[in-house]
Each structure stands twice: as C-alpha cells, then as structure tokens.
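*Asks:* Okay, sequence plus prediction incoming.
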There are 2 protein chains.
Amino acid sequence: MKNCIIASSSTIHGSGPLEYLFDSLEELYTNTEEILFIPYARPGGISHDEYTIGVNNIFKKIGKRIMGVHMFEDPIEAIKNANGIYTGGGNTFLLVHQLYKNNVITTLKEKIESGAPYLGTSAGSNICGLTMQTTNDMPIVYPPSFMTLGILPFNINAHYIDPDPTSTHKGETRETRIKEFHKLNTQPVVGLREGSWLRVKESTITLEGELDARIFEQNKAPYEIETGKTLSQLH
Amino acid sequence: MKNCIIASSSTIHGSGPLEYLFDSLEELYTNTEEILFIPYARPGGISHDEYTIGVNNIFKKIGKRIMGVHMFEDPIEAIKNANGIYTGGGNTFLLVHQLYKNNVITTLKEKIESGAPYLGTSAGSNICGLTMQTTNDMPIVYPPSFMTLGILPFNINAHYIDPDPTSTHKGETRETRIKEFHKLNTQPVVGLREGSWLRVKESTITLEGELDARIFEQNKAPYEIETGKTLSQLH
C-alpha cells in the first residue's frame, strides 16, 4: 500500500527547491490539498516555523498548503489525520532525535505503510531506510537509537557523490565510508545522486530521475542501477 | 602536565603516512622506544592486527616499536603501563564505541593528563575534544555516548576543508554542518586543515604546521588563527 517519493535532495543545481519534482508531486499528492510537514531536521539550524513557511511558499506553486507537525498540540494525532506527509532535509541526527522525543516513529511508519502519500528529501529520505547509519550528517545531538522507519529494506545514502579523482584531500570518500559501514552491518546501501529518487508504489521500488544509482552490498563490488529500473529485488 | 600532538590527518598529499610529523614525533617520544597503539578506529575496516603492523612499519623509520592495545589481555593495564600512546584515524564512532566497550575512557584520559606523550591523528584527535560531535564520519555503530576525553576545552573538526566555490553539489558544506552544531551546542570548534596540528604542553596549546586553522564559536562569525599562535584562551 506504500506510495512514496524518496529523493536524494530537495534541490538540484540550477533550479529552485523541489522544482524538478513538481510534476511527480502533483501526481503523488493528487487527492489532497493539505500536506503535513515534518520540519524537525532544521537545515542550517533554522526554526520549525521558518522552515515550514519556506516550504509552504514552494508548495503554493502547485496549489498545496503546508501545516507543520509542530503546530499541533498532539503530533501523533496530526500524523494519524494527515492525507499527505513531507519530511524535509537538514540534520538526520536531529530529525531522528525529534521523531523519538515526540514518540511518532511507530505512528509515522504505520501511516506510510497504510498508503498515505509520503515525500522525503535528504534526511527525510534517510529515515525511510532500516537505519540512519549511512547519513553524511554531523552527530550534533545524541538520538536514543539509530533505527529508523524501515519503509525500504535497505539503507539510503542521500546526496551520493562519486570520488573526485583530482582531489588531494585525505578525508574518506563516500565509497570508503560505506565500505566501513559494511564491515559491521549487512544491509545494502543505495547511493542516490542528487536529482534521483525512488518511487515506491505498493511493493515496487523504481529508480527515477536522470541519473543512475550506485548500489553497495556487503562483500560485493559496488555497481550501478540504471534509472527506470526496479530495486524491488534488493534487500 | 599534558604532552600531546593532536593532528588533523596522519597523511598529507605528496608524502608517506606521518612523514610530515617525523621530527615532531622524535621530540614527543624522545624518552620511549615503545609506543602503545590504539587501532580501534579501523580505517577502511581493516583489522586491528593489519592496522598495527602498518603503523609499526612507519614508526620503525624513527626507531620506535609499536604494540597494539588489543594485543594485551588487559587494555586498562596496558594503557597504565605505557610510556607513549598513539591513537590512529579511521571511524570515530567505532573508535569511541570500542573505548567505552573496553572501559578505557577514564584510564586513557588520566594517562594523557598525567603527561604521557600522546599522538592523535584524525579520529584519534577528535576524541581529545569535549565530544565527538564534530566528526565527519559515518555513524556505522551506535556508541554508548558521544562524550570523549576532554583533553582540550573545545571540539576538533579534523580534515577541515573550505567550501568549494565552484561546487554544484547541494550537500552541506563543513561550515554549514558546524553552524548546525552550534544551534544546539556551546563549545568552540577548531577546524584543523590537513597538515596542521595542535601541540599541547602543560596548559599551552599552540597551532603548528604550515596552515592557519578556522575557529567556530557560537554566535560569532568564524575566524582564522595563524599557525604558531596559541589557542590556550579558547574555551
């Protein structure tokens, strides 16, 4: 019953926030004009109100209204009653910390699994994986757990970026980091490049956007999946 | 009584591992030929043995022998008895997880504070800060706490890298990540560029190496400290 868009990034180079997804969002949210927004990830540390107002200004362009989950007395009831949900990007540690603190992990998971249209971008996509352990974010707060929603049977690495062969920097590449992850963890990781998204419909997962995705499985060489192809076999 | 070299990176572009630090290490470890190595961070997921053998091959060049802490029955006793310690880089989450699991956090802190010569590189430097919350690493394992040794009265960001003005990538820059950190945390952060290190002698902290360091304090614009200058006033 799932109905999700799980995107690497809200924004791609050369266009406004979410613009590259507008057609897909009109289809996703076709039956609702009001979307519940989860602003907990606070990109750059902006407030929940600022973030929600900014997102409302974007969704206005496709005729949708945004309500922030923080505007409700009871966030659990707000999620239960929503006809569509969007979780925006920012810091994944902060997002997961707030989801646990507000006790909405189970409700959000059940809501998405019952078919409520869901958009995640960046941190909001990371939480659809089994754990948040392949985030690129800084651990600015200590969440009670790294377990996330498990809407997907694998982990997401958002903003996936290929190693720069001309770089002289000695910090780990993204690929090295994911290799370290697989020394201790077994689930596959989908490296989603900016401009790519996963379209989840019932039990089918399809890669969309212009770019291919890079797949990391334990004890296997990384490989590419072409856009338009299914990832339903990956687990 | 502290006597530490806290370096951004073990390796800089164009030279072998630790080579740029050899003169400083001969001075740091002048009174010992045997150094206790803490390999828990496992760069790229290599084993404790592989990591220790590799580091021994480097230290051989300056006439020192390496013993891995994992080679001892009792890691607490091994640290207590050491005449010099080196904690290498890799994954900071894994390093901190292992320090707690082996119950050596307090012993290591006391040993360093009692004046044992200590070298940290990358993850091994991050743990000298108040918390590990300004690491760049992936959360591949869930440590029992983000609190670290507090040898320094601030946090470290190792491998600090300036924003690339030509980049089209929408992932957060290092500066944006540290700004997010300061929305929730008050301690200063020292962005140490590769090739820079902090020389800690008693209560004096001096920036060494060819490059300046970038300092981030809550509610202040980031600023540079010149190499050769003290950071002792920062807390």
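*Replies:* That came through fine.

*Asks:* which phi and psi does the nearest residue to residue A:10 once chain neighbours are set aside have?
*Replies:* Once flanking residues are discounted, residue A:10 sits nearest to residue A:121: 4.0 Å by C-beta to C-beta, 6 or more residues apart in numbering or on different chains. To be clear about C-beta, it is placed using only N, CA and C from the backbone, and glycine gets the same treatment. Torsion angles at residue A:121 (phi, psi; degrees, to the nearest 10) stand at phi -130, psi 140.

*Asks:* looking at it, residue A:75 is touching residue A:102, isn't it?
*Replies:* Yes: applying C-beta atoms under 8 Å as the test, residue A:75 and residue A:102 come out as touching, 4.9 Å apart.

*Asks:* any shared contact partners between these two?
*Replies:* residue A:69 (C-beta atoms under 8 Å, 6 or more residues apart in numbering or on different chains).

*Asks:* Which of those two has more residues huddled nearby?
*Replies:* residue A:75 (23 against 19; other C-beta atoms under 10 Å in any protein chain shown).

*Asks:* State the helix or strand in which residue A:224 lies.
*Replies:* Element membership of residue A:224 [criterion: DSSP states H and E] is strand A:223-225.

*Asks:* name the element residue A:86 belongs to?
*Replies:* Using DSSP H and E, the secondary-structure element containing residue A:86 is strand A:85-87.

*Asks:* Just the CA coordinates for the helix or strand bottoming out on mean pLDDT in chain A, please, in CSV.
*Replies:* Least confident helix or strand, chain A: helix A:174-184 with a mean of 94, by mean pLDDT, DSSP states H and E. C-alpha atoms of helix A:174-184 as CSV (Å, rounded to 0.1, in the frame of the first residue of the first chain):
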residue,chain,number,x,y,z
ARG,A,174,31.8,8.4,0.4
GLU,A,175,32.6,4.9,-1.0
THR,A,176,35.2,4.3,1.7
ARG,A,177,32.7,5.3,4.4
ILE,A,178,30.1,2.9,3.1
LYS,A,179,32.8,0.2,2.9
GLU,A,180,33.5,0.8,6.6
PHE,A,181,29.7,0.6,7.3
HIS,A,182,29.7,-2.9,5.6
LYS,A,183,32.4,-4.2,7.9
LEU,A,184,29.9,-4.0,10.7
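
*Asks:* Check which helices and strands it is in contact with.
*Replies:* strand A:155-160, strand A:189-193, strand A:213-216 (3 or more C-beta pairs under 8 Å, 6 or more residues apart in numbering or on different chains; DSSP states H and E).

*Asks:* Nearest approach to residue B:213 belongs to which of those?
*Replies:* Distances from residue B:213 to each of the helices and strands packed on helix A:174-184 were compared using C-beta to C-beta; the shortest belongs to strand A:155-160, at 26.6 Å.

*Asks:* Just checking: what are the partner strands of that closest one?
*Replies:* Sheet neighbours of strand A:155-160, with direction, are listed as strand A:189-193 (parallel) (DSSP bridges).

*Asks:* mean confidence score for the strand it pairs with?
*Replies:* Along strand A:189-193, the predicted confidence averages to a pLDDT of 97.

*Asks:* next structured bit after that strand?
*Replies:* If you walk from strand A:189-193 toward the C-terminus, the next helix or strand you reach (DSSP H and E) is strand A:197-201.

*Asks:* Just put the helices and strands packed on helix A:174-184 in JSON lines and tack on mean neighbour count.
*Replies:* As requested, the helices and strands packed on helix A:174-184 are exported to JSON lines (neighbours: other C-beta atoms under 10 Å in any protein chain shown):
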{"stretch": "strand A:155-160", "mean neighbour count": "27"}
{"stretch": "strand A:189-193", "mean neighbour count": "26"}
{"stretch": "strand A:213-216", "mean neighbour count": "22"}
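
*Asks:* Off-centre distance for the least confident helix or strand of chain A?
*Replies:* 20 Å (C-alpha atoms, centre = their mean, to the nearest Å).

*Asks:* returning to what we had before: the strand holding residue A:224 pairs with which strands, parallel or anti?
*Replies:* Strand pairing for strand A:223-225, using DSSP bridges, gives strand A:213-216 (antiparallel).

*Asks:* Touching the strand it pairs with from outside, list them.
*Replies:* Outside of strand A:213-216, the residues within contact range by C-beta under 8 Å, 6+ apart are A:157, A:160, A:162, A:175, A:178-179, A:182, A:188-193, A:196, A:207, A:222-225, A:227, A:231, A:234.

*Asks:* residues contacting the residue in chain A sticking out farthest from the centre?
*Replies:* Among the C-alpha atoms of chain A, the one farthest from their average position, using C-alpha atoms, centre = their mean, is that of residue A:168, at 30.7 Å. The neighbourhood of residue A:168, defined by C-beta under 8 Å, 6+ apart, consists of B:13, B:14.
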